[in-house]
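Peer 1: Provided below are the primary sequence and the corresponding predicted coordinates.
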Amino acid sequence: MQSNDVESVKPYNEDEDKGKQISRMFDTISPAYDLMNRIISLGQDGYWRRSAINEIAEYRNGNILDIATGTGDMAFMIYEMLSPESVTGCDISEGMLQVAEMKAARTGRDKRISFCVGDCSALPFDDGKFDAATVAFGVRNFKDLLLGLTEISRVLKPGGKVSILELTVPENRLYRLGYDIYTKTVIPLLGKIITGDSKAYGYLGKSIHAMPQGKKMLSLLEKAGFTDCSFRYMTLGACAVYTGIIPANRS
């Protein structure tokens, strides 16, 4: 699949800009987002996030950017695991960020963690600002996948690293059959019951299936300016971690 396959998948309608629909979708589901993550991942999302964060452990003394930070779970986990100089969470949805900021203030973690509204296709940061970056379950929602990856490349310092966590379709045919039933039927039903928005979670399954994965995703990372790109699957192929490094000699 090409990156434009996932870019054409939208939550609500075909005519409106994907970025606007994604922002509205997450504003709607933000109150129940954390609960839904625990449920639909069968409790695996914490393990997956930790695995992705371990990929940037060598940057623990730097400034780290979490893109599509949502309600801040990844940013908080980065702070707890690595205790970096700073963590910045960026997201297109103001509703999600309001939840993240409330969680940060409630737990006293708002001194080295900051949040801001930002579109992945035009990140509001200077070139080479961050030492490392993460994206957890977010690249499927980029309205222009290659542009978003290129923006991540732009804001990383030479030698910086990105760690991307994304849901994937299992390659094993038997696993894939069960996965298809779960993502296309069970998850939308749970979404309707818990959030009242079945379309948001119907979009989840469609976007997972449309998303480039494996070597095709590595090719996009390389086009965006990353080197030493690699990936590994987890949990029977239901999720993958992709990594890439900015060349140290980039001018």
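Peer 2: Noted; the coordinates are in hand. Residues are numbered from 1 along each chain as shown.

Peer 1: name all residues that make contact with Met74.
Peer 2: Arg49, Ala52, Ile53, Asp66, Gly89, Thr134, Ala136 (C-beta atoms under 8 Å, 6 or more residues apart in numbering). Quick note: C-beta positions are derived from backbone N, CA and C, even for glycine.

Peer 1: how does it look with 10 Å?
Peer 2: Going by C-beta atoms under 10 Å, 6 or more residues apart in numbering, Met74 touches 45, 49, 52-53, 64, 66-68, 87, 89, 100, 134-138, 163, 165.

Peer 1: what strand or helix carries Asp127?
Peer 2: For Asp127, there is no host helix or strand (DSSP states H and E).

Peer 1: how much space separates it from Gly225?
Peer 2: 12 Å (C-beta to C-beta, to the nearest Å).

Peer 1: identify the contacts common to those two.
Peer 2: Ser153, Arg154, Leu156.

Peer 1: quick one, which of the residues you listed are buried?
Peer 2: The neighbour-count test (16 or more other C-beta atoms under 10 Å) marks Ser153, Arg154, Leu156 as buried among the shared contacts of Asp127 and Gly225.

Peer 1: those in helices, which ones?
Peer 2: Ser153, Arg154 (DSSP state H).

Peer 1: listing partners with orientation, what would you give for the longest strand seen in the chain?
Peer 2: Within the chain, and with DSSP state E defining each element, the longest strand by residue count is strand 156-167. Note on strand 156-167: by DSSP bridges, its sheet partners are strand 130-136 (parallel), strand 239-245 (antiparallel).

Peer 1: can I get the ones you listed in CSV including mean pLDDT?
Peer 2: Listed next are the strands paired with strand 156-167 as CSV, based on pLDDT from 0 to 100:
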stretch, mean pLDDT
strand 130-136, 99
strand 239-245, 98
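
Peer 1: most tightly surrounded among those?
Peer 2: strand 130-136 (a mean of 26; mean count of other C-beta atoms under 10 Å).

Peer 1: for it, output the C-alpha coordinates as PDB.
Peer 2: Extracted C-alpha coordinates of strand 130-136, given in PDB (Å, rounded to 0.1, in the frame of the first residue of the first chain):
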ATOM      1  CA  PHE A 130      14.700  18.000  19.800                       C
ATOM      2  CA  ASP A 131      17.100  15.100  20.600                       C
ATOM      3  CA  ALA A 132      14.400  12.400  20.100                       C
ATOM      4  CA  ALA A 133      10.800  12.100  19.100                       C
ATOM      5  CA  THR A 134       8.000   9.500  19.600                       C
ATOM      6  CA  VAL A 135       4.600   8.900  18.000                       C
ATOM      7  CA  ALA A 136       2.300   6.400  19.600                       C
END
